[in-house]
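Asker: sequence and computational prediction follow.
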Amino acid sequence: MSLHFSHKPFIRKPVISKMGVAALLSQLVFSAHVAVAETNVAAKVALPIQSYILQPAELPPPAISELKVPQGFSVSKVAENVGNARVLAISPQGNLYVTRREQGDVLMLPKTGDTFGKPVRVASRSGMHGIAFRGDTVYMVTVKEVFTAPVLADGRFGPLKMIITDLPDAGQHHDRTIAIGPDDMLYISVGSTCNECIETNIENATMLRSTLDGKKRVIFASGLRNTIGFDWSPHTGELWGMDHGIDWLGDDVTPEEVNKIEQGKRYGWPYIFGNNVENPRLVPSGKLEKSEWKKTSVPMVLGYTGHAAPMQMAFYNAGQFPAEYRNDAFVAMHGSWNRQNPSGYEIVRIHFENGKAVSIAPFLTGFVSNKGQSGRPFGLVTDKQGNLLFSDDVNGVIYKVSYKGDGKAAANPPSAIPADSMKQQAVQGSGVQIATLRTETEIAGKQARKLTVSSPAFADGEKIPDSHSSYDQDASFELNWSKGPTTTQSYAIIMEDPDAKPVTPVVHWVAWNIGKEITTLREGLQKQDRLEDKAERMDGLMQGQATTGKIGYVGPKPPAGDPPHHYHVQVFALDRVLQIPPGANRDTLLKAMADHVIAKGELVGTFQRPEKPAKP
């Protein structure tokens, strides 16, 4: 990889002065490693990659006449001098709110007629970033916490209550965003800690889904490097977002991705990007082939110019703009730093047809020129009148885009976003019997063979020790079973809790392709797709998704007040080695097991929430 530091007129200052010599040397070492693409075979392939660091000079805000929008649209200023104006939100009362990451607070601009009044600080917490409303309650997110507060009659906030305390530690991408879906659930975007790495916290680089009280959350989707902007289609109710591509792979690599985000899906990062292109640098853990990882990755729907940096996203669900804009989405592009010719510094429009994204193109431009950049769009929202509002977090300006042309407006008021899509995704695999009672595990035409399953940690029907629960160490327990029939080629494990509600049964462990010679698994197994342990003959053991979206064993975590739940640890002997993608869920595993189960058995343990759990 050859690193070029461009010195064109609109460079504000030398990169070394910002990065420091040590950091620059570190980056040059990084580039030397990129020059050789690691593969899963002995051979190495030379791969030259050319990248740039270029930060356009900062200029004063542009004159309104310099901002270009389609014919019939006009731009005006709503507010100035509001500091690091990041995420925007409109309350049900019509007031405008803006979070300020650098100031660590939230400002309210009260609605006054067709405009907004002077800013008033209504909340203050370090790292405050995402904000969303549901009725008379506001939800706000910092790096690690989610807060709620009542919205008072004058638009100010009452006392803040912390409902989530343990979001992952921040790294490179620490700007959490939050929204409330049509299913009345919280969605929290948690970016990666790095440009490209193997995360140690599985909740990084994900979209989380939580109950409104913050007590239950799951990984809704993963492999999302940094999806700050996301929203629901007013037409279909489906969730869409724009993900930031990886840096340091070239000017046009990788693209910024438009994704339809669905429960349980993986979106490639850090190994796969764009239209399922392999990242030349990283190798999945457990010696999993990238070609296998690619099978699990959902390719982008659309791509946009690399490094444009998509921020807040909002579907247009109002009546002021022409009808052809209804159900389209707008995204604020913050602007590039890792590209020779700047990209972004604009508002783009994603055009949808019949609920599918079909094109993406600039809508508002004028913040960048050969002299430098005069603004970096970040926040974006539609107000009660159907105006499109967006913020510039560098110059502290909030703008309004209105339509007063001759085009035919959509006229209809905002429509309720359909909830069916999100609700159906939430109950996938729910309301069924546990695996041993399913038709997929029947031993058809054969005499039933039983495996004896046991654990030194607890006897059948007895309590599972706290250390194996998610309230404590969350470590898998040692598991033993009797040897299957002579035709056994592999074993599979499914652990389920049929006492959980509303989703039942909750899946806690999915594993397959356990070697035919293995009848014992040690405690505390690694939580990853493929295990690599030749010494214990577990090389190639695969693990899939639990109901929480996590990979590998997930310990019991029944809610407070529930009687003991029963956890069925089910072991199956199979007459074949299964060919299913890594990260598969229980239903995918059961489908592959159908007609291949030759013996089965189970161990049942119980667990009730401790009075004083070690972890929340």
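Answerer: Good, I have the coordinates. Numbers count the residues shown, from 1 in each chain.

Asker: quick one: contacts for the closest residue to residue 67 other than its chain neighbours?
Answerer: Closest residue to residue 67 apart from its sequence neighbours, by C-beta to C-beta, 6 or more residues apart in numbering: residue 366 at 4.1 Å. Backbone N, C-alpha and C define where each C-beta goes, glycine included. Going by C-beta atoms under 8 Å, 6 or more residues apart in numbering, residue 366 touches 62, 66-68, 346, 374.

Asker: which members of those residues are classed as buried?
Answerer: Buried subset of those (neighbour count, 16 or more other C-beta atoms under 10 Å): 62, 67, 346, 374.

Asker: and the helices in the protein?
Answerer: 15-19, 21-34, 290-296, 420-426, 586-593 (DSSP state H).

Asker: list the contacts of the fourth one.
Answerer: In other words, helix 420-426. Outside helix 420-426, the residues within contact range by C-beta under 8 Å, 6+ apart are 181-183, 185, 209, 232, 236-239, 262-264, 503.

Asker: how far off centre is that helix?
Answerer: The chain centre lies 17 Å from the centre of helix 420-426; the measure is C-alpha atoms, centre = their mean, to the nearest Å.

Asker: so what's residue 546 closest to, chain neighbours aside?
Answerer: In space, residue 546 is closest to residue 554, 4.2 Å off (C-beta to C-beta, 6+ apart).

Asker: and what of residue 150?
Answerer: Using C-beta to C-beta, 6+ apart and skipping residues adjacent in sequence, the residue nearest residue 150 is residue 158, 4.0 Å away.

Asker: list the contacts for the one you found?
Answerer: By C-beta under 8 Å, 6+ apart, residue 158 lies in contact with 149-152.

Asker: ok, of those, which come out buried?
Answerer: 149, 151.

Asker: in TSV, list the contacts of residue 158 along with pLDDT.
Answerer: Putting the contacts of residue 158 into TSV (pLDDT from 0 to 100) gives the following:
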residue	pLDDT
149	98
150	98
151	98
152	97
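
Asker: just the contacts of residue 158 now: which is nearest residue 532?
Answerer: Nearest to residue 532, judged by C-beta to C-beta, of the contacts of residue 158 is residue 149 at 47.6 Å.

Asker: is it true that the closest one touches residue 160?
Answerer: Yes. Look at residue 149 against residue 160 with C-beta atoms under 8 Å: they come within range, at 4.8 Å.

Asker: shared neighbours, the two?
Answerer: Common contact partners of residue 149 and residue 160 (C-beta under 8 Å, 6+ apart): 123, 140.

Asker: among the buried ones among the contacts of residue 366, which one lies nearest to residue 222?
Answerer: Of the buried ones among the contacts of residue 366, the one sitting nearest to residue 222 (C-beta to C-beta) turns out to be residue 346, at 29.2 Å.

Asker: if we can go back for a sec, closest one to residue 418 out of the contacts of residue 366, please.
Answerer: residue 346 (30.3 Å).

Asker: ok, that closest one - contacts?
Answerer: 308, 333, 362-368, 377.

Asker: which residues does it bridge with?
Answerer: As for beta bridges, residue 346 partners with residue 333 under DSSP bridges.

Asker: just to revisit the earlier point, with pLDDT and distance to residue 474 added, can I get the contacts of residue 346 in a markdown table?
Answerer: Shown next, in a markdown table, are the contacts of residue 346 (pLDDT from 0 to 100; distance: C-beta to C-beta, whole Å):
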| residue | pLDDT | distance to residue 474 |
| --- | --- | --- |
| 308 | 95 | 39 |
| 333 | 97 | 40 |
| 362 | 98 | 47 |
| 363 | 98 | 46 |
| 364 | 98 | 48 |
| 365 | 97 | 49 |
| 366 | 96 | 52 |
| 367 | 96 | 47 |
| 368 | 95 | 48 |
| 377 | 97 | 41 |
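
Asker: filter these down to just the buried residues.
Answerer: Those of the contacts of residue 346 that meet the buried threshold are 308, 333, 362-364, 366-368, 377, by 16+ other C-beta under 10 Å.

Asker: including distance to residue 172, could these go into a markdown table?
Answerer: Listed next are those as a markdown table, based on distance: C-beta to C-beta, whole Å:
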| residue | distance to residue 172 |
| --- | --- |
| 308 | 17 |
| 333 | 19 |
| 362 | 27 |
| 363 | 28 |
| 364 | 28 |
| 366 | 29 |
| 367 | 24 |
| 368 | 23 |
| 377 | 21 |
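
Asker: what's the burial count for residue 330?
Answerer: By other C-beta atoms under 10 Å, 26 other residues sit near residue 330.

Asker: now it: how far from residue 349?
Answerer: 6 Å (C-beta to C-beta, to the nearest Å).

Asker: shared neighbours of the two, anything?
Answerer: Common neighbours of residue 330 and residue 349 (C-beta under 8 Å, 6+ apart) are residue 363.

Asker: next up, the contacts around residue 59.
Answerer: If you count contacts by C-beta under 8 Å, 6+ apart, residue 59 has them with 371-374.

Asker: now list the buried members of those residues.
Answerer: Buried subset of these (neighbour count, 16+ other C-beta under 10 Å): 372-374.

Asker: show me the shaky parts of the stretch 451-600 of the chain.
Answerer: Counting by pLDDT under 70, the stretch 451-600 of the chain has low-confidence residues at 534-536.

Asker: could you rerun that using 90?
Answerer: Applying pLDDT under 90 to the stretch 451-600 of the chain flags residues 502-503, 532-540.

Asker: distance check, residue 575 against residue 596.
Answerer: Separation of residue 575 from residue 596 (C-beta to C-beta) stands at 5 Å.

Asker: looking at these two, which is more packed in?
Answerer: Remark: of residue 575 and residue 596, residue 596 carries more neighbours, 19 against 16, as counted by other C-beta under 10 Å.

Asker: run through the residues that contact the residue lying closest to residue 144 once chain neighbours are set aside.
Answerer: Using C-beta to C-beta, 6+ apart and skipping residues adjacent in sequence, the residue nearest residue 144 is residue 167, 4.6 Å away. Residue 167 is in contact with 141, 143-146, 176, 188, 190, 203, 208, counting by C-beta under 8 Å, 6+ apart.

Asker: with these in mind, which one is nearest to residue 224?
Answerer: Residue 224 lies nearest to residue 190 out of the contacts of residue 167, by C-beta to C-beta, at 8.6 Å.

Asker: quick check: closest non-adjacent residue to residue 225.
Answerer: residue 269 (4.3 Å).

Asker: surely the one you found meets residue 246?
Answerer: Yes. Counting by C-beta under 8 Å, residue 246 is a contact partner of residue 269 at 7.4 Å.

Asker: quickly list what's touching both of the two.
Answerer: 196, 225.

Asker: which of the two has more neighbours?
Answerer: Comparing residue 269 with residue 246 by other C-beta under 10 Å, the one with more neighbours is residue 269, at 28 against 25.

Asker: now the more buried one: how far from residue 172?
Answerer: Residue 269 is 12 Å from residue 172, where distance means C-beta to C-beta.
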